[in-house]
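>>> After the sequence you'll find the predicted model.
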Amino acid sequence: MSEEPRTSRIQRQVVQLILDRRLTAGAPLPTEAELMESLGVSRNSVREALKALQALDIVEIRHGYGTYVGQASLTPLVDGLTFRTLARHDDDTGALDEILQVREVLEVGLIRRVAATVTEAELGKLEDVVTRMESAGGTGRSFPELDREFHEVLYASLGNDLVPQLLAAFWTVFRRVSGARGRPDDPSPEITVRRHRDIVDALRARDAEGAQRAMAVHFRGIEARAAQESRGVG
């Protein structure tokens, strides 16, 4: 078995230190000198490890102030998936389809739980977003940010902080790749509005199966548009 690279080992040790000391986001880490002494490594080795951890948002290096525990956001995942998708030059549609399929599996599966947990106040917020979609569509404007807001509000009742972060990550990747590929915004805003309203109507009726069907239809429409655009149709 090959020996673990030094930088990787130091990264793991710094992460373990954060966990052992139960440090939270924004908490200061030991100084470079203290890390050198406790880990028995050189200053350059400590700096290399911290830079690698900063790229993962595990630590935040504030020059002149020190190093702090990072937010551990999904930004590295977003950046990596965006590059992975854009790098597939020979399979543009397939790469986007993969992103959509992951989103669909998550959302169609989760919407059933939402039907049982969503509150009247949250339904009101969803109705408000759809109404603003209608207003934007009526003036010929696209509304990607409203679409994102809808899906963020949609899962609030689950009380799972990871769900909106993960869905937002895949949404961001899809938007970035679509923008880089020069894909137009939603060519059929009225259909998009109707599909979002169908989701809200099913949830208001506490119809879990209907909500799942409405969500699946919503994604079928996104996938169909992506395929048409890749063929230069529509």
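Yep, it's here.
>>> Find the centremost residue of this protein, please.
Ala169 (1.3 Å; C-alpha atoms, centre = their mean).
>>> does Arg6 really touch Val41, like I thought?
Yes. Contact criterion C-beta atoms under 8 Å: Arg6 and Val41 qualify, at 7.3 Å. (Glycine included, C-beta is placed from N, CA and C.)
>>> Between those two, point out the one with more neighbours.
Shown here are Arg6 and Val41; by other C-beta atoms under 10 Å, Val41 has more neighbours (18 against 13).
>>> Are we agreed that the more buried one is in a strand?
No. Counting by DSSP: H, G, I helix; E, B strand; the rest coil, Val41 falls outside a strand, being coil.
>>> Distance check, it against Val14.
Val41 sits 11 Å away from Val14, going by C-beta to C-beta, to the nearest Å.
>>> Over to Asn160?
Taken as C-beta to C-beta, the span from Asn160 to Val14 is 28 Å.
>>> How about Leu35?
Applying C-beta to C-beta, the value for Leu35 to Val14 is 7 Å.
>>> Likewise for Gly40?
13 Å.
>>> For Ile199, list the residues it contacts.
By C-beta atoms under 8 Å, 6 or more residues apart in numbering, Ile199 lies in contact with Ile111, Leu126, Leu154, Ala211, Ala214, Met215, His218.
>>> From the chain's centroid, how far away is whichever strand or helix holds it?
Taking DSSP states H and E as the definition, Ile199 sits inside helix 189-204. Relative to its chain's centre, helix 189-204 lies at 22 Å (C-alpha atoms, centre = their mean, to the nearest Å).
>>> Buried residues, that helix. List them.
Neighbour-count burial for helix 189-204, counted by 16 or more other C-beta atoms under 10 Å, picks out 189, 192-204.
>>> of those, the lowest pLDDT goes to which?
pLDDT across the buried residues of helix 189-204 is lowest for Pro189, at 84.
>>> Not counting residues beside it along the chain, what's closest to it?
Once flanking residues are discounted, Pro189 sits nearest to Gly137: 3.4 Å by C-beta to C-beta, 6 or more residues apart in numbering.
>>> what's the burial count for the one you found?
Gly137 has 20 neighbours, counted by other C-beta under 10 Å.
>>> Enumerate the positions of the one helix or strand Leu50 maps to that are buried.
Element membership for Leu50 (DSSP H and E) is helix 43-55. By neighbour count on 16+ other C-beta under 10 Å, the buried set for helix 43-55 is Ser45, Val46, Arg47, Glu48, Ala49, Leu50, Ala52, Leu53.
>>> Now do Val217 against Ile111, distance only.
Distance check for Val217 against Ile111: by C-beta to C-beta, it reads 12 Å.
>>> more crowded one of the two?
Higher neighbour count among Val217 and Ile111: Ile111, with 25 against 13, using other C-beta under 10 Å.
>>> what kind of secondary structure is the residue nearest to Pro189 in?
Going by three-state DSSP: Gly137 is helix.
>>> which residues does it contact?
When contacts are counted by C-beta under 8 Å, 6+ apart, Gly137 touches Phe143, Pro189, Glu190, Thr192, Val193.
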